[in-house]
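Asker: got a sequence here, can you model it:
(2 chains)
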Number of protein chains: 2
Amino acid sequence: MRFKLDKSSPLPAYRQIAGRLRELIAAGVLVEGERLPPSRALAKSLGVNRITVQSAYELLDRDGLVEAQVGRGTYVRATPAIASATMEVTAEKPASSQFWASQFVEHFDSHWSGPRLRAPEGTVYLDYALPPADLFLVDQFRRALNSALKEHGAEALQMGASDGFPPLREYIAMHMTRMGISCRPDEVLITNGCQQGLDLVRRVLVGHDDSVVVENPTYPGAINVFSGSRLRRFTVPMTESGPDLHALESIISQNKVKLIYTIPNFHNPTGATMSMEKRERLIEIAGRQRVPIVEDGTYVELSYEDHALPSLKAMDEDGIVLYLSSFSKVNFPGIRVGWIAGPRAAIEQLEAAKRTSDIHTDLLAQTGLYEFCRRGLLDQHLKRVRRVYMERRDAMIEALKRHLPPSVSWITPAGGLALWVTAPDGVDSENLLRAAVSRGVAFSCGKGFYSGPPDPRTFRLCFAAAEPEDITRGVMRLARALEETMAESRETEPERALSGRPMV
Amino acid sequence: MRFKLDKSSPLPAYRQIAGRLRELIAAGVLVEGERLPPSRALAKSLGVNRITVQSAYELLDRDGLVEAQVGRGTYVRATPAIASATMEVTAEKPASSQFWASQFVEHFDSHWSGPRLRAPEGTVYLDYALPPADLFLVDQFRRALNSALKEHGAEALQMGASDGFPPLREYIAMHMTRMGISCRPDEVLITNGCQQGLDLVRRVLVGHDDSVVVENPTYPGAINVFSGSRLRRFTVPMTESGPDLHALESIISQNKVKLIYTIPNFHNPTGATMSMEKRERLIEIAGRQRVPIVEDGTYVELSYEDHALPSLKAMDEDGIVLYLSSFSKVNFPGIRVGWIAGPRAAIEQLEAAKRTSDIHTDLLAQTGLYEFCRRGLLDQHLKRVRRVYMERRDAMIEALKRHLPPSVSWITPAGGLALWVTAPDGVDSENLLRAAVSRGVAFSCGKGFYSGPPDPRTFRLCFAAAEPEDITRGVMRLARALEETMAESRETEPERALSGRPMV
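Answerer: Have a look, this model is predicted:
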């Protein structure tokens, strides 16, 4: 018996083997009473571990398809009909779905999902704002991790402190201080990425009936966090120089607001950078009205200009700013390590909330990441990706200028991973996406980013994850899709389906 | 200049170097205008990377203590007084603490903290219920992790799915199925340990004004989760055969209860195992009253008997049980990976809550752990620790029988990490702990585990983390401390202070 395993499949090998054998029984190729190859022999022929084959046999045994006879081998017991039947998914208990649906107290948003579309092969993906995996320093990280495990040994695997691995907190405090943000290690709380930072801030500061201010559009993960049936979310329109502070001041002077969430640098999704004047005014307004500012610094390190504006936290004389950031957008998104920096009084409560949430952030990730940073590898990686992303941004802007009609506008970001585009009046970016995907280019519709009234013309293009030639090709396809969409009648309302993957 | 770095210090090397130089300036050893050694030379003499020394110099530069002159080297600028002054910790902004204290909406409990006491050297620690680090298969895990990183490469470091790494979900589903719990991979949600599982369940199922039922005593992390100013927590007394189901039935028939949280096997802290009869009745009562059961299976794998009772989830014909478990108590607590298994309808909502909480569980931990399990190393580890822990449990029971008066009672656990003791009437275990710690043995006071009325006589002894001879020594010290406490007048009320470490 010979068949090939799919190395790229997310299905583990034993499951693939069991599935294949099940198919062979269902197809009548393997018949009742027939002996399966000895696990050692099959393992050898497939190039896998013997345990893998044994696990496959166990799986089939459990389903009654084969029978292991001690010392004699494993035999097929089932008929094709039984094998087919076990390929079906076990049916959900009928009462269960209704029962559970009536139990939920809080509906968690699916704000991160866009329409589910089938993309042709060769599609240029400009949708998710993720750093490209081919630039990851995987081997260097692996070596750093090995060294951390050798140095710290079992301690890296034993329960740790809720506030984080002390050397990593030290490193972050120093890193922040270098950025001009005065910060002690005990003013840092390690979180599972910036998302958990936001979630903890919400849990500690925002009650069920409270109000918050967010930018519109903004990071969808923040919309998810600042959601709830009774929570009021005021939205402030974004402009190229940051949020509209007239609107913001008017809101917070007339309402009791618990916090202002803002992304001053390379705002997601618009790419806008808040002007110095607005930074000063925002700090002044929030200080006067005594409203905490939650500053999201996730993209700060991805600056393509030499001179950065100071962060709000660096300008915060009243101690009202909580600064959230993460290693995930600048380094490895799969390693969930971020942090909150703020005054001790706030960090202490946030730490208690963290302890209740999940005790502490994975210590293996923290020790490995610390060693990676300590070796200067994060700085090295940043130096490299800043150059690469900037080239890609420039390639995208060049292509937009060349191929799109003048009625299309965008904001040129001074950093970050993506760029925000506004199509001409009458274009709905969801329709445009359908046309674009069928032509082999994908982007993120604007809708998912709006915490308030959406502008349907808008969409986001991630430039960081594609090579310049792919970007050019993608933008050319986009240009044709836009022509088509503009020419088409706009009668058909798009159906909507939700995909399972988070939009970031 | 020569000094030694402390390899065991949590302080990173650059920080140690900067601190030492700061001291030398403060002490007048290094004087104004003096040139520091070139970073390369100092790095060599200390056996560190040059970047480490440069970082130390940068830190001192930022504080104004030294000055880097391009091409000439780094010079001392400061007087001893300035160097001393910068050794002080930056003071908190005065307004800040009050400001933040007035912002918090929810008080997060410190239910996990006991009194903070100074333990003499040589103390036998029987307090935290953690697996002992010296039994961890660190090297095998490191190799599994290397192999996972080599196999999955950058994909192990890229953003993953909110519900978890598919092969690990497959593994868990198979593992559960082997335990007699029918479970598909899409009925599994990966969480950051069991603690996050509880937290997500609370967020999805329990509203602000809702009621829950928990055992008394119970896991302190569950008390933290099921807390809130308006949340009502009904408590059911624990007995040696499990919770008092008369009390439970009376509560849920008279009140609208959102869930029942229970630890049927090797209950934390009592070590009790729920009898088969109670399992059947609990399932029947909850099914009739349509109340979800949250079953905590954290300790299930640590069974010291061959025949295990079926889990509630295995007996659950109505689909009302959510099963929570974790790798952390059976393997590595620092690696925060656990899971919830339940009907799809519940898992979908829990996954949405997970996405809002922190997007997904660390993927590095998931891939490494999967590879560790796939290689059969978890099974191997379990086989070993079951034998070791059982010996230690037996040693502890032997010592308790031999050295403690007959007025002391305990429950003999059939699995798990710890044992629950009740001292004679009139003994407060907090007073006993003071006497015990001064004699060199530490345990966990019962108080932290009570979600309802506490029995002050009770305390928990962890047998898993100490060698049999240390256990015997510890119990002998405990016996003397008990004699002393019983003899002493009980007039003095103990002061209470909270330690920062979570009690588990």
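Asker: helices along the stretch 51-200 of chain A, start to end?
Answerer: With DSSP state H, counting those that start in this stretch as the criterion, the stretch 51-200 of chain A has helices at A:80-87, A:94-101, A:138-152, A:166-178, A:193-205.
Asker: any chance of those in JSON lines, with mean neighbour count and mean pLDDT too?
Answerer: Glycine gets a C-beta too; all of them are placed from N, C-alpha and C. Formatted as JSON lines, the helices of the stretch 51-200 of chain A follow (neighbours: other C-beta atoms under 10 Å in any protein chain shown; pLDDT from 0 to 100):
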{"stretch": "helix A:80-87", "mean neighbour count": "16", "mean pLDDT": "66"}
{"stretch": "helix A:94-101", "mean neighbour count": "15", "mean pLDDT": "78"}
{"stretch": "helix A:138-152", "mean neighbour count": "18", "mean pLDDT": "96"}
{"stretch": "helix A:166-178", "mean neighbour count": "21", "mean pLDDT": "92"}
{"stretch": "helix A:193-205", "mean neighbour count": "27", "mean pLDDT": "97"}
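Asker: any part of stretch A:33-51 near chain B?
Answerer: Yes - contact of stretch A:33-51 with chain B (C-beta under 8 Å from any C-beta of the partner chain) involves A:49, A:51.
Asker: sorry, back to before: next, format the helices of the stretch 51-200 of chain A as a markdown table and append distance to chain B.
Answerer: Formatted as a markdown table, these follow (distance: least, C-beta to the nearest C-beta, whole Å):
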| stretch | distance to chain B |
| --- | --- |
| helix A:80-87 | 12 |
| helix A:94-101 | 3 |
| helix A:138-152 | 5 |
| helix A:166-178 | 4 |
| helix A:193-205 | 4 |
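Asker: Throw these into CSV and include distance to B:Ala18, thanks.
Answerer: As requested, the helices of the stretch 51-200 of chain A are exported to CSV (distance: least, C-beta to C-beta, whole Å):
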stretch, distance to B:Ala18
helix A:80-87, 64
helix A:94-101, 56
helix A:138-152, 21
helix A:166-178, 10
helix A:193-205, 28
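Asker: out of the ones you listed, nearest to B:Ile252?
Answerer: helix A:94-101 (15.6 Å; C-beta to C-beta).
Asker: next one: the closest one to chain centre, how far?
Answerer: Centre-to-centre, helix A:94-101 and its host chain are 30 Å apart (C-alpha atoms, centre = their mean, to the nearest Å).
Asker: residues making contact with it?
Answerer: Residues from elsewhere that reach helix A:94-101 (C-beta atoms under 8 Å, 6 or more residues apart in numbering or on different chains): B:290, B:318-320, B:343-346, B:349.
Asker: can you narrow the residues you listed to ones near chain A?
Answerer: Among the contacts of helix A:94-101, chain A is touched by B:290, B:318-320, B:343-346, B:349 when using C-beta under 8 Å from any C-beta.
Asker: buried among these? Need that as a selection in ChimeraX.
Answerer: Remark: buried members of these, expressed as a ChimeraX selection using 16 or more other C-beta atoms under 10 Å in any protein chain shown:
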select /B:318,319,320,343,344,345,346,349
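Asker: so which of the ones next to chain A among the contacts of helix A:94-101 sit within strands?
Answerer: The strands, defined by DSSP state E, take in nothing from these.
Asker: let me see the contact set for the nearest residue to A:Thr458 once chain neighbours are set aside.
Answerer: For A:Thr458, ignoring the flanking residues on the chain, the nearest one in space by C-beta to C-beta, 6 or more residues apart in numbering or on different chains is A:Gly446 at 3.2 Å. Shown in contact with A:Gly446 (C-beta under 8 Å, 6+ apart): A:217, A:269, A:420, A:429, A:454-460.
Asker: can you rerun that using 6 Å?
Answerer: By C-beta atoms under 6 Å, 6 or more residues apart in numbering or on different chains, the contact set of A:Gly446 is A:429, A:458-459.
Asker: which one of those residues is nearest to chain B?
Answerer: Within those, proximity to chain B (C-beta to the nearest C-beta) peaks at A:Phe459, which comes in at 20.4 Å.
Asker: A:Asn431 is in what secondary structure piece?
Answerer: Assigned by DSSP states H and E, A:Asn431 belongs to helix A:429-439.
Asker: what does that helix contact?
Answerer: When contacts are defined by C-beta under 6 Å, 6+ apart, helix A:429-439 is touched by residues A:117, A:119, A:445-446, A:459, A:477-478, A:480-481, A:484-485, A:494.
Asker: hang on, A:Leu189 packs against A:Ile340?
Answerer: Yes - shown here, A:Leu189 and A:Ile340 form a contact pair, counting by C-beta atoms under 6 Å, at 4.7 Å.
Asker: residues that sit against both of those two, list them.
Answerer: Counting by C-beta under 6 Å, 6+ apart, the contacts common to A:Leu189 and A:Ile340 are A:Leu350.
Asker: give me the more crowded residue out of those two.
Answerer: Counted by other C-beta atoms under 10 Å in any protein chain shown, A:Leu189 and A:Ile340 do not tie: A:Leu189 has more neighbours, with 29 against 25.
Asker: how close does the more buried one sit to chain B?
Answerer: According to C-beta to the nearest C-beta, to the nearest Å, A:Leu189 and chain B sit 13 Å apart.
Asker: residue ranges with poor pLDDT in chain A?
Answerer: Applying pLDDT under 70 to chain A flags the ranges A:1-2, A:8-10, A:81, A:84-95, A:109-116, A:489-504.
Asker: returning to what we had before: make TSV out of the contacts of A:Gly446 and add distance to B:Leu382 and neighbour count.
Answerer: Shown next, in TSV, are the contacts of A:Gly446 (distance: C-beta to C-beta, whole Å; neighbours: other C-beta atoms under 10 Å in any protein chain shown):
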residue	distance to B:Leu382	neighbour count
A:Ser429	53	25
A:Thr458	54	23
A:Phe459	51	29
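Asker: around A:Pro220, how many other residues sit close by?
Answerer: Count around A:Pro220 with other C-beta under 10 Å applied: 25.
Asker: now do A:Asp358
Answerer: 28.
Asker: touching, it and B:Cys194? I think so.
Answerer: No - here A:Asp358 does not reach B:Cys194: they are 9.4 Å apart, not a contact under C-beta under 6 Å.
Asker: before we move on, the earlier item: just the ones of the ones next to chain A among the contacts of helix A:94-101 in helices?
Answerer: B:344-346, B:349 (DSSP state H).
Asker: so can I have CSV of those residues showing distance to A:Asn331?
Answerer: Putting those into CSV (distance: C-beta to C-beta, whole Å) gives the following:
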residue, distance to A:Asn331
B:Arg344, 34
B:Ala345, 37
B:Ala346, 34
B:Gln349, 31
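Asker: and which of these is nearest to B:Thr262?
Answerer: B:Ala346 (16.8 Å).
Asker: same list (the ones next to chain A among the contacts of helix A:94-101) but as CSV, adding distance to A:Arg232.
Answerer: Listed next are these as CSV, based on distance: C-beta to C-beta, whole Å:
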residue, distance to A:Arg232
B:Arg290, 33
B:Asp318, 39
B:Gly319, 36
B:Ile320, 35
B:Pro343, 34
B:Arg344, 33
B:Ala345, 30
B:Ala346, 29
B:Gln349, 23
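Asker: what bridges to A:Val213?
Answerer: Judged by DSSP bridges, the bridge partners of A:Val213 are A:Phe234, A:Ile260.
Asker: any idea how far A:Gly33 is from it?
Answerer: From A:Val213 across to A:Gly33, the span is 72 Å (C-beta to C-beta, to the nearest Å).
Asker: which secondary structure state does A:His246 sit in?
Answerer: Assigned with DSSP: H, G, I helix; E, B strand; the rest coil, A:His246 falls in the helix class.
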